[in-house]
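# Below: sequence and its predicted model.
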2 protein chains.
Amino acid sequence: MQSKSFSIGIDIGGTNTAFGIVDRRGEILFQDRIHTREYDQPETFIEAIRQHLAPHIDPLGKDHFSGIGAGAPNANYYSGAIELAPNLSWKGTIPLRQLLHDAFDLPVTITNDANATAIGEMIYGSAKGMKDFIIITLGTGVGSGFVANGQLIYGHDGFAGELGHVIAVRDGRACGCGRKGCLETYSSATGIVRTALEWLEQRNLAAEPGQPDWLQTVYANSGEISSSGIHKAALAGDPLAVEIFEFTGKILGQALADAVAITSPEAIILFGGLAKAGDFILKPTKKYMEDNLLAIFKNKIEIIPSGLSERDAAILGSAALAWG
Amino acid sequence: MQSKSFSIGIDIGGTNTAFGIVDRRGEILFQDRIHTREYDQPETFIEAIRQHLAPHIDPLGKDHFSGIGAGAPNANYYSGAIELAPNLSWKGTIPLRQLLHDAFDLPVTITNDANATAIGEMIYGSAKGMKDFIIITLGTGVGSGFVANGQLIYGHDGFAGELGHVIAVRDGRACGCGRKGCLETYSSATGIVRTALEWLEQRNLAAEPGQPDWLQTVYANSGEISSSGIHKAALAGDPLAVEIFEFTGKILGQALADAVAITSPEAIILFGGLAKAGDFILKPTKKYMEDNLLAIFKNKIEIIPSGLSERDAAILGSAALAWG
């Protein structure tokens, strides 16, 4: 049955697109990346990927490839298209599956990037052997993939797993989706920066002499704050930065407690830029999730960091889509 | 393969327990019920069920029964036990599967009552042919069953589907589970009564002469309000009663919008006492769900009343657990 030895994984992000050739043991035989934004048209973008991969496909023999799996924001498993993706510069509906099929003449499966990562974690990472788990990607936005009974939940129309858009704070922060208070406006890499900017503004007005002011200083000097900057400040002992992580984890933990009530997972895996802050984000997330869990779920659910590098997980997960 | 023609369905509720013998076409050949609270011990309760059923099993031949399915509050599919059920008078952990097996010497499968109803709707009711839907039972509490990829989501420990205990209002009403603001404190038969009592108290203090006062009068005369009383008042044109349904549906609709973002269902089926209020509850629930949905889900998801009678759905769903 397993006559095909290789598959191609493509992870399309708003900034970078990574792709690679993977074998059945999860070894990445080749990988490379291009800048997504450099391509005005999806067609030239796909052609660039083809040109990078072709020299590595031919020596292995195209007949030995089971297919292509691609993860992309708002990519729909059923329709095969990317629909209304706010983080991509190509507008409207992009027939990704058809474009890839035309370019490579191989079977193509697509899904959203968080779902692809969930499959990568299930087959090769922290969720190996688990049948019920949630993966949360804390990047520019908040993505999620829900696995139940060992299967990814795609939902009726292929758009399941939008935990980033549950309402964390009713009438809260404006979200790119047009609504207010979505989880991702608080607990993503951009959400934590919004918190920092809000709090710095408030505290600047009432600055107390002698308070530790790592973030204050950075902000005063540059006017800019990044999520990794907040992480550095926390590492340096800035109590405001630690408090910002605490708040970010509180909002995330509360939302996770509600998600647990619905799917009752064995574990929740945190992935992506913000998850790199380790215990600064893991500990408050765990604490506030536990505080908000229904009694029957307490002290049962692990929150664990991803077992794969960010780059590998997306390629492995996307490629795994193609094993079928 | 389908050598066994009959199965037994048992629906254990806090007040009544219904049970019946079902054939593969969903015909209920016999059914009866007993009062759950009359039995101090689970053993005498099971024995009473056995005595009612035995005279109807024997003529059909026990060899033709595939087994017993039972739905009960907090019943765990994996452990086979009822655990910490606040609406049952038997305390602690009740080994329901074992007790039923000892009494009937047939294979036994158990799950919670909302999950059993979901299976009944999927096989015989409004969700026939659907692979991704949510069933919400609006009774004393709010129960739910989530079906994805054609399978009920039990979760890692068998307790999935507790939508009644997502936090609808942060720091809101005290819930029987010990936490605050759970959906079921607002959008259940008991929740709507709490809303009515709160609002009547408030408005009594500031009663305006000449306002329609069906509910006010009932309350002043009896000191008691029921969810069916609020329904009657709404039918009689009492604007306060209509407003109470509007509020109840708003809280439910908001919670459903978040649930949709997670599992992306084709339809949501409303079931149970409060769902009998028809458009009074369906319309505001639908309106506020739509208002709160992420754009990709808008105008796609049906909210429909159950296609089965309350009594039949639970027996049929429980019995269907036993088809295996």
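Sure, I can see it.
# All the helices of the stretch 101-250 of chain A, residue numbers only.
Secondary structure of the stretch 101-250 of chain A (DSSP state H, counting those that start in this stretch): helices located at A:113-124, A:189-205, A:214-222, A:227-235, A:239-263.
# Where do the domain boundaries of chain A fall?
Residue ranges for the domains of chain A, per automatic domain parsing: A:6-121+A:311-321, A:130-306.
# Of all the ones you listed, which one comes closest to chain B?
Distance to chain B, taken as C-beta to the nearest C-beta, is lowest for domain A:130-306 among these, at 2.4 Å. For glycine as for every other residue, the C-beta is placed from the backbone atoms N, C-alpha and C.
# circling back to that earlier point, so which of the helices of the stretch 101-250 of chain A is the most packed in?
With neighbours defined by mean count of other C-beta atoms under 10 Å in any protein chain shown, none of those is more surrounded on average than helix A:113-124, at a mean of 28.
# Next one: residue A:127 relative to residue A:256, how far apart?
When C-beta to C-beta, to the nearest Å is the yardstick, residue A:127 and residue A:256 sit 16 Å from each other.
# With residue A:138 instead?
As it turns out, when the distance is counted by C-beta to C-beta, residue A:138 lies 12 Å from residue A:256.
# got the contact list for residue A:138?
A:187, A:188, A:189, A:252, A:270, A:271, A:272, A:273, A:274, A:275, A:281 (C-beta atoms under 8 Å, 6 or more residues apart in numbering or on different chains).
# which ones are touching residue A:99?
A:42, A:43, A:46.
# let's see 10 Å
Contact criterion C-beta atoms under 10 Å, 6 or more residues apart in numbering or on different chains gives A:42, A:43, A:45, A:46, A:47, A:49, A:70, A:80, A:81, A:82, A:108 as the residues in contact with residue A:99.
# before we move on, what about residue A:70?
Contacts here follow C-beta under 10 Å, 6+ apart; on that basis residue A:70 touches A:8-12, A:17, A:19, A:46, A:49, A:80, A:82, A:96-97, A:99-100, A:108-111, A:113, A:116, A:318-319, A:321-322.
# again with residue A:9
By C-beta under 10 Å, 6+ apart, the contact list for residue A:9 reads A:18-22, A:28, A:31, A:68-71, A:116, A:119-120, A:312-322.
# on that earlier part again, wait, which of the domains of chain A is closest to residue B:288?
Distances from residue B:288 to each of the domains of chain A were compared using C-beta to C-beta; the shortest belongs to domain A:130-306, at 11.6 Å.
# and that closest one, how far out from the chain's middle?
Centroid separation between domain A:130-306 and its chain, computed with C-alpha atoms, centre = their mean, to the nearest Å, is 12 Å.
# end to end, how far does it reach?
End-to-end distance for domain A:130-306: 14 Å, by C-alpha to C-alpha, to the nearest Å.
# pLDDT (mean, whole number) over that domain?
Here the mean pLDDT over domain A:130-306 is 91, rounded to a whole number.
# Look up phi and psi at the residue nearest to residue A:107 when sequence neighbours are not counted.
Once flanking residues are discounted, residue A:107 sits nearest to residue A:67: 3.7 Å by C-beta to C-beta, 6 or more residues apart in numbering or on different chains. For residue A:67, the backbone dihedrals are phi 160, psi -170 (criterion: degrees, to the nearest 10).
# Tally up the residues packed near residue A:67, please.
Using other C-beta atoms under 10 Å in any protein chain shown, the number of residues around residue A:67 comes to 20.
# so what's it up against?
A:4, A:6-8, A:100-101, A:104, A:106-109, A:319, A:321-324.
# most neighbours, which of the residues you listed?
The member of those that has the most neighbours, counting by other C-beta under 10 Å, is residue A:319 with 34 neighbours.
# Assign that residue to helix, strand or coil.
helix (DSSP: H, G, I helix; E, B strand; the rest coil).
# Please identify the helix or strand for the closest residue to it other than its chain neighbours.
The shortest distance from residue A:319 to any non-neighbouring residue, by C-beta to C-beta, 6+ apart, is to residue A:9 (3.1 Å). Secondary-structure element containing residue A:9, defined by DSSP states H and E: strand A:6-12.
# Tell me which helix or strand comes right after that strand.
Moving toward the C-terminus from strand A:6-12, the first helix or strand encountered (DSSP H and E) is strand A:16-23.
# in its sheet, what does that next one sit against?
strand A:6-12 (antiparallel), strand A:28-35 (antiparallel) (DSSP bridges).
# got the buried residues for that strand?
Judged by neighbour count using 16 or more other C-beta atoms under 10 Å in any protein chain shown, the buried positions of strand A:16-23 are A:17, A:18, A:19, A:20, A:21, A:22.
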